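Asks: Output the structure for:
(one chain, ligands or ions: 2)
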Amino acid sequence: MSSTDTINRIAVITSGGDAPGMNAAIRAVVLAAENYGIEVIGFRHGYEGVLTNDFTKLGRENVEHILQYSGTIIKSARSERFKTDDGGREAAENLDAHQIDGFIVIGGDGSFRGAEHLAKFWQGAIIGVPGTIDNDLFGTDNTIGYDTAVETAMDALDKIRDTAEAMDRVFIVEVMGRNAGYIGISSAMACGSERMILPELQKDKPLTVDALVKHIEGVHRVRGDSSYVMVLCENQWPGGAVRLAEQLEDRLNFPCRPCLLGHVQRGGRPTAMDRILATRLGVHAVELVRQGKTGVMAGVSNNDLSSTPLPETWMQRKQLSQELIDIQTKLFNPVKKERHKAVQKEQH
Ligand SMILES: Nc1ncnc2c1ncn2[C@@H]1O[C@H](COP(=O)(O)OP(=O)(O)O)[C@@H](O)[C@H]1O
Ligand SMILES: O=P(O)(O)OC[C@H]1O[C@](O)(COP(=O)(O)O)[C@@H](O)[C@@H]1O
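Replies: Ligands and ions are numbered 1, 2, ... in the order given. Modelled structure (predicted):
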């Protein structure tokens, strides 16, 4: 394995879904590397660029003023070809041809699986940097992009609430997260949503149209005419928010509107939190390469820098906060509160 003295050149890719803050992470890698006299090259379009040898040299002048922009200056992509053994071997040959000592991949769990795949064919140091809006990686408090995505969802939900409240409407707002409920629960709490449909809760006790209708009617009974904003995580309802809105409208006989936030959540100015996280993790990744570490993800745990073996990042499940779930589903659930009051009245 490489040691501090032998690190001359590092390659970096952004892979999988782009996330706000990826540019800040690239910048941090380049500036930290330059500090140690290490050259950096960026392969474009993730692993695909490593296969096609599509690369660019990255120096201070390329990255100085990019941290306020989302997207990624070296582009991101998904590559099916890389997943094969031939793909892995070809990528390794290209990295050797460039005399790369360390490889930094900024992406999500799929990209880290790709890093493990590469390690079968390539001997250099491989470090993962968690970049995904989904926040679904074990070994780091937050992933790069998550905070910005929640801000974006919150902004949209606040706007939806204005119309919902003015017209006493039900809205179903679909947020991203693939199969994780982090964006869902955080944006729901930040906006005082009446109901959330999260993958983590659906697994134990899937919600039905009947249960949702009952809840909406319960909220109307408690509050009178009022808005009702539901946060639905993607992939949690057949047909998504559009279908669910139709099903509810059929039963309730008043307007239920769907709203899909989609890729809006992947763009926009990264929040300060994401820029700072990305900067810390980019620098940390370079330091890990210099220390001769490989096969780990650079993370921040309890606000301290950490490193976690790559397979653990996707094999161990990061848990949603039970405290947040309880506040949303029990303490602040208007219908549960009504029942609680009724029980208290009976007891006196
Ligand atoms: N099991 C795997 N083996 C090899 N490469 C993989 C594997 N899973 C994902 N990859 C590579 O990582 C890329 C990004 O993965 P993907 O799941 O799409 O995004 P993310 O990293 O955001 O989770 C894939 O297109 C593929 O090139
Ligand atoms: O970019 P695509 O192919 O539309 O994929 C959408 C998916 O990407 C994400 O935005 C980010 O996920 P990844 O970081 O794992 O790619 C998910 O929330 C969403 O399910």
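Asks: check contacts around the nearest residue to K318 once chain neighbours are set aside.
Replies: Excluding the flanking residues, the one nearest K318 by CB to CB, 6 or more residues apart in numbering is F138, at 4.6 Å. C-beta coordinates here come from the backbone N, C-alpha and C atoms, glycine included. Residues in contact with F138 (CB atoms under 8 Å, 6 or more residues apart in numbering) are 308, 312-318.
Asks: go with 10 Å
Replies: Shown in contact with F138 (CB atoms under 10 Å, 6 or more residues apart in numbering): 109, 130, 297, 299, 301, 308, 311-319.
Asks: for L320, same thing?
Replies: 135, 180-182, 184-186, 198-201.
Asks: Surely T308 is in a strand?
Replies: Yes: according to DSSP: H, G, I helix; E, B strand; the rest coil, T308 belongs to a strand.
Asks: Roughly how far does the closest residue to ligand 1 within the stretch 101-250 of the chain sit from S79?
Replies: Here the residue of the stretch 101-250 of the chain nearest ligand 1 is G110; by CB to the nearest ligand atom that distance is 1.8 Å. Here G110 is placed at a distance of 10 Å from S79 (CB to CB, to the nearest Å).
Asks: Next, count neighbours for the residue of the stretch 101-250 of the chain closest to ligand 1.
Replies: Look at G110: counted by other CB atoms under 10 Å, it has 17 neighbours.
Asks: Is it in a helix, a strand, or coil?
Replies: Secondary structure, three-state DSSP: G110 is helix.
Asks: And it, how far from D96?
Replies: According to CB to CB, G110 stands 24 Å off from D96.
Asks: mean confidence score for the host helix or strand of E174?
Replies: If you go by DSSP states H and E, E174 is part of strand 170-175. For strand 170-175, mean pLDDT rounds to 98.
Asks: Which strands border that strand, and is each parallel or antiparallel?
Replies: strand 228-233 (parallel), strand 256-260 (parallel) (DSSP bridges).
Asks: Give the next helix or strand downstream of the longest one.
Replies: Proceeding C-terminally, strand 228-233 gives way to helix 240-252 as the next helix or strand, assigned by DSSP H and E.
Asks: Residues in contact with that following helix: which ones?
Replies: So helix 240-252 is contacted by 170-175, 197, 207-210, 212-213, 216-217, 220, 228, 230-232, 234, 236-239, 254-261 (CB under 10 Å, 6+ apart).
Asks: Which members of those residues are classed as buried?
Replies: For the contacts of helix 240-252, a burial check counting by 16 or more other CB atoms under 10 Å picks out 170-175, 197, 207, 212, 216, 220, 228, 230-232, 234, 236-237, 256-261.
Asks: How about the residues of the protein by ligand 2?
Replies: Contact residues, the chain versus ligand 2 (CB under 6 Å from any ligand atom): 16-17, 108, 110, 132-134, 176-178, 234, 266.
Asks: which ones are touching E116?
Replies: 88, 126, 128, 295, 309-311, 314.
Asks: what's the burial count for the residue of the stretch 1-150 of the chain found nearest ligand 2?
Replies: Using CB to the nearest ligand atom, the closest approach of the stretch 1-150 of the chain to ligand 2 is made by G17 at 2.6 Å. Neighbour count of G17, defined by other CB under 10 Å: 22.
Asks: residue in the stretch 201-348 of the chain nearest to ligand 1?
Replies: Of all residues in the stretch 201-348 of the chain, W314 sits closest to ligand 1, at 8.6 Å by CB to the nearest ligand atom.
Asks: any residues touching whichever strand or helix holds that residue, and which ones?
Replies: Assessed by DSSP H and E, W314 sits inside helix 310-315. Here helix 310-315 makes contact (CB under 10 Å, 6+ apart) with 105, 108-116, 119, 126-128, 130, 136-140, 143, 294-297, 299, 309.
Asks: Okay, domains of the protein per the record?
Replies: Following automatic domain parsing, the chain resolves into domains at 4-145+270-315, 149-266+321-347.
Asks: Tell me where the model's unsure across the stretch 51-200 of the chain.
Replies: Within the stretch 51-200 of the chain, no range satisfies pLDDT under 70.
Asks: which parts of the stretch 101-250 of the chain sit against ligand 1?
Replies: Close to ligand 1, as judged by CB under 6 Å from any ligand atom, the stretch 101-250 of the chain has residues 107-111, 113-114, 117, 132.
Asks: Farthest-apart pair in those, please.
Replies: Distances among these were taken as CB to CB; the most separated pair is H117 and T132, at 18.0 Å.
Asks: who's more crowded, these two?
Replies: Shown here are H117 and T132; by other CB under 10 Å, T132 has more neighbours (28 against 18).
Asks: In the stretch 51-200 of the chain, what residue spans correspond to strands?
Replies: 55-58, 102-107, 125-130, 170-175, 195-197 (DSSP state E, counting those that start in this stretch).
Asks: do the stretch 201-348 of the chain as well
Replies: Using DSSP E, counting those that start in this stretch, the strands of the stretch 201-348 of the chain run over 228-233, 256-260, 296-301, 304-309.
Asks: Next, format those as CSV and append mean pLDDT.
Replies: Formatted as CSV, the strands of the stretch 201-348 of the chain follow (pLDDT from 0 to 100):
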stretch, mean pLDDT
strand 228-233, 98
strand 256-260, 98
strand 296-301, 98
strand 304-309, 98
